[in-house]
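Asker: Need the 3D shape of this:
(one chain, ligands or ions: 2)
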Amino acid sequence: MKEATLVLIKPDGLKKSLTGNILTRLSETKLDIIAARIVHVSAELAKKHYEALTDKPFFEDLIQYIRGEFHEKRKVMAMVYYGEGAINKVRALAGSTNPEEADAVSIRGQYGRITTKGVYENVIHASAHKKDAEREIKLWFQPEEIIVDLYSTKAGEKRTCNEVWAL
Ligand code: DAT
Ligand code: MG
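Answerer: Ligands and ions are numbered 1, 2, ... in the order given. Reported below is the predicted structural model:
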């Protein structure tokens, strides 16, 4: 069955000009990109994204890292990849959480590092399982930003494409 997964290129990936390399590696999966945007990550979004890790000693660093506070680039690139086995395919290509332990040819193995402060700069986020993927995609994207109808939405009028712009 086709499924969707959230992928984030984290601020270190953007700062190190790795976007193209990472997208090329991800294209090995033959999955479809069905949503993409550049996001300035608010404290609220960062904390919600990592809410399961609230009690971890590295939580505050993690929030600072994903918000780009350790890099000049205060942004991440968020995407939804879609296709058969998308979640496991992207996780396998991303590699282990700890970039020093990640397979050398995985994305994290190739491009990640642990800073002297102990922050895992592992360049990419990939949803771990289906429930997380749905929760995370709904956090990072509005329904109209995703070109496949993944999840049901509340009934209501659709916004037109440019109604918020001043003429
Ligand atoms: P993953 O990103 O592989 O899903 P996770 O959800 O357990 O891993 O943790 C989220 C992020 O938190 C991870 O990408 C990097 C950071 N992290 C996890 N364990 C850590 C640790 N022991 N020390 C420092 N950072 C850690
Ligand atoms: Mg995780």
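Asker: Let me see the contact set for the residue in the chain that ligand 1 sits nearest to.
Answerer: Nearest to ligand 1 in the chain, going by Cβ to the nearest ligand atom, is Thr97, at a distance of 3.4 Å. For every residue, glycine as well, the C-beta is placed using N, CA and C. When contacts are counted by Cβ atoms under 8 Å, 6 or more residues apart in numbering, Thr97 touches Arg108, Tyr120, Asn122.
Asker: what helix or strand does Glu3 sit in?
Answerer: strand 2-9 (DSSP states H and E).
Asker: what residues does that strand touch?
Answerer: 18-19, 22, 26, 34, 66, 76-87, 90, 123-127, 130, 133-134, 136-137, 140, 146, 148, 150.
Asker: from the contacts of Thr97, which are also near ligand 1?
Answerer: Contacts with ligand 1 within the contacts of Thr97, counted by Cβ under 6 Å from any ligand atom: Tyr120, Asn122.
Asker: among the contacts of Thr97, which are in strands?
Answerer: When the contacts of Thr97 are checked against strands (DSSP state E), the matches are Tyr120.
Asker: List buried residues within the contacts of Thr97.
Answerer: Arg108, Tyr120, Asn122 (16 or more other Cβ atoms under 10 Å).
Asker: Same list (the contacts of Thr97) but as CSV, adding distance to Lys10.
Answerer: Compiled in CSV, those are given as follows (distance: Cβ to Cβ, whole Å):
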residue, distance to Lys10
Arg108, 10
Tyr120, 10
Asn122, 7
